[in-house]
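K.L.:
let me see the structure of the following:
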Amino acid sequence: MKTLHQFDEVFDTQAVFRLLLDAMSNPTRTVSVAAQKEKLFGDYGAFLALGMTLLDNEVTFSSCENESLKKDLQLVTLSQEVPVPDADYLFVTDERMLSAVLVQAKCGTLTDPHQRPHC
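P.N.:
Residues are numbered from 1 along each chain as shown. Purely as a prediction, here's the structure:
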């Protein structure tokens, strides 16, 4: 079977997940998914590595108007893209859009972080 990438969907996603946990547990620490991103196709290997780790067919994402990234994420995760206010995960490739996107993002609560209350 021919594949588009050399990314191992078990071991590499586990490595990325552990890096994410490390980064979130230690906010000042910088982590790198460079080893995993090199195993993926396209211009957005790091985003694909994160997407393959976090996304599945039960969560949604927004590629924030990046059609190429949207198609690649849908191809490898089977997750659906939705508008920014409804997305569980946001993938912002253009830093100029970051503040506009964050204003629209779900904010949740401490008890229900996945809910979108009136912020």
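
K.L.:
buried ones in whichever strand or helix holds Ala100?
P.N.:
Counting by DSSP states H and E, the element that carries Ala100 is helix 98-104. Within helix 98-104, the residues that count as buried by 16 or more other Cβ atoms under 10 Å are 101, 104. In this view, the C-beta of every residue, glycine as well, is placed from N, C-alpha and C.

K.L.:
may I have it as CSV, with CA atoms only?
P.N.:
Only the C-alpha atoms of helix 98-104 are listed here, as CSV (Å, rounded to 0.1, in the frame of the first residue of the first chain):
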residue,chain,number,x,y,z
LEU,A,98,-4.7,35.8,14.9
SER,A,99,-6.4,38.6,16.9
ALA,A,100,-9.5,38.6,14.7
VAL,A,101,-9.8,34.8,15.0
LEU,A,102,-9.3,34.8,18.8
VAL,A,103,-12.1,37.3,19.3
GLN,A,104,-14.5,34.8,17.6
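
K.L.:
what helices or strands is it leaning on?
P.N.:
Applying 3 or more Cβ pairs under 8 Å, 6 or more residues apart in numbering; DSSP states H and E, one finds that helix 98-104 contacts no other helix or strand.

K.L.:
if we go to 10 Å?
P.N.:
Other helices and strands packing on helix 98-104, by 3 or more Cβ pairs under 10 Å, 6 or more residues apart in numbering; DSSP states H and E, are strand 89-90.

K.L.:
mean confidence score for the strand it packs on?
P.N.:
For strand 89-90, the mean per-residue pLDDT is 95.

K.L.:
what mean pLDDT does the helix holding Ala100 have?
P.N.:
On average, the pLDDT along helix 98-104 is 93.

K.L.:
list the contacts of the residue nearest the centre of the chain.
P.N.:
By Cα atoms, centre = their mean, the chain has its centre lying nearest to Gly51, at 4.0 Å. By Cβ atoms under 10 Å, 6 or more residues apart in numbering, Gly51 lies in contact with 13, 16, 40, 44, 61, 63, 69, 72-74, 76-77, 79, 89, 91.
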